[in-house]
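Enquirer: model this:
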Amino acid sequence: MSRSVVLVDAVRTPFGKAGSLYAGTRADDLMVRAIRGLLDRNPLVDRATIDDVAIAAATQTGDQGMNIGRSAALLAGLPNTVPGYSIDRWCAGALTAVTTIAGAIALGTNEIAIA
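Expert: Numbers count the residues shown, from 1 in each chain. Alright, predicted model coming up:
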C-alpha cells in the first residue's frame, strides 16, 4: 500500500552560460550550498533522520564524477550514515531524482529524503 508523499520545501542550483558567473564554481560546492540552504530553512529536520539524498547532474565527469550525491551530502554536513546517489539523465535528471525519492517514500522505504 502506498503512502502520501509531501514536498516540504524546494531549492535549486543556478545555471548559466559557459564562462559566466558560476564558471569557476565546482558542482559539488553548488550542491552543498543547496543542501545547507534547505536544511537551514527547515531547522526542525534532524539531519540524522534523512534517509537518502538523490542528486541529478548531467555529464558526471571531473568534479561531478564519482558520486556527487554522496560527496555533496557529506560535504554539507550530513552524517555518514545518510546515503546519497547520483542520477544522470541530462534534461530529465532532476525530475527523475524527485520521482525516485517520492516513490521510495510512497513505498515506505524512506521517510525524509532530499532530491
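Enquirer: So for stretch 7-22, what gets flagged as buried?
Expert: By 16 or more other Cβ atoms under 10 Å, the buried positions in stretch 7-22 come out as residue 13. C-beta coordinates here come from the backbone N, C-alpha and C atoms, glycine included.
Enquirer: For the helix or strand hosting residue 55, list the C-alpha coordinates in CSV.
Expert: According to DSSP states H and E, residue 55 maps onto strand 52-56. Output of strand 52-56 as CSV, limited to C-alpha atoms (Å, rounded to 0.1, in the frame of the first residue of the first chain):
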residue,chain,number,x,y,z
ASP,A,52,18.6,9.4,1.3
VAL,A,53,20.0,12.1,-1.0
ALA,A,54,19.4,11.9,-4.8
ILE,A,55,21.3,14.4,-6.9
ALA,A,56,20.9,14.9,-10.6
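Enquirer: pLDDT (mean, whole number) over it?
Expert: Strand 52-56 shows a mean pLDDT of 97.
Enquirer: again with stretch 84-94
Expert: 94.
Enquirer: Can you give the contact residues for that stretch?
Expert: Identification of contacts with stretch 84-94 by Cβ atoms under 8 Å, 6 or more residues apart in numbering yields 12, 52-60, 67-74, 78, 96-97, 100, 115.
Enquirer: Need the pLDDT of residue 64.
Expert: Looking at residue 64, its pLDDT reads 71.
Enquirer: what sits against it?
Expert: Going by Cβ under 8 Å, 6+ apart, residue 64 touches 27, 28, 57.
Enquirer: TSV please, covering these and showing neighbour count and distance to residue 46.
Expert: Formatted as TSV, these follow (neighbours: other Cβ atoms under 10 Å; distance: Cβ to Cβ, whole Å):
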residue	neighbour count	distance to residue 46
27	21	27
28	22	23
57	25	27
